[in-house]
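Enquirer: Structure for this input, please:
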Amino acid sequence: MINNFVIAGIIGTQEIIIILLIVLVLFGAKKIPDLMKGVGKGIKEFKDATSDKPNDNNNAVDKNDK
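Expert: Purely as a prediction, here's the structure:
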């Protein structure tokens, strides 16, 4: 009985398919690539902001200010 509660908490294949179908209906097939590009850019910017290396964009802004 306890094992059923543990398994019910995990998202399965059917749930993922349903979510993907809902996204397809809401956004349409043409908008999904643009949406994924935006998500990818957001993830890249987040990784760049959290990394220890200096950001080239900040240096470019400082040079333009002078």
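Enquirer: I'd like the distance between Ala29 and Ile22.
Expert: 14 Å (CB to CB, to the nearest Å). Using the backbone N, CA and C atoms, a C-beta is placed for each residue, glycine as well.
Enquirer: Just want to know which of the two has more residues nearby.
Expert: Summary of the neighbour comparison: Ala29 and Ile22, criterion other CB atoms under 10 Å, with Ile22 having more neighbours (10 against 7).
Enquirer: List the buried residues for whichever strand or helix holds Gly42?
Expert: Assigned by DSSP states H and E, Gly42 belongs to helix 31-50. Residues of helix 31-50 include none that count as buried (16 or more other CB atoms under 10 Å).
Enquirer: And for the helix or strand harbouring Ile18, what's in contact with it?
Expert: Here Ile18, judged by DSSP H and E, is contained in helix 13-27. Taking contacts as CB atoms under 8 Å, 6 or more residues apart in numbering, the residues outside helix 13-27 that touch it are Ile32, Leu35.
Enquirer: what's the burial count for Val23?
Expert: Neighbour count for Val23, taken as other CB under 10 Å: 13.
Enquirer: Next: Lys30.
Expert: By the criterion of other CB under 10 Å, Lys30 has 7 neighbours.
Enquirer: Next, work out how far apart it and Leu24 are.
Expert: Distance, Lys30 to Leu24, using CB to CB: 11 Å.
Enquirer: Show me the shaky parts of this protein.
Expert: Segments of the chain classed as low confidence (criterion: pLDDT under 70) are 1-9, 52-66.
Enquirer: hmm, try it at 50
Expert: Within the chain, the ranges that satisfy pLDDT under 50 run 66.
Enquirer: re the thing from before, elements contacting the helix holding Gly42?
Expert: Packing partners of helix 31-50 (3 or more CB pairs under 8 Å, 6 or more residues apart in numbering; DSSP states H and E): helix 13-27.
Enquirer: what inclination does the helix it packs on have with respect to helix 31-50?
Expert: 100 degrees (axes from the mean of the first three to the mean of the last three CA atoms, to 10 degrees).
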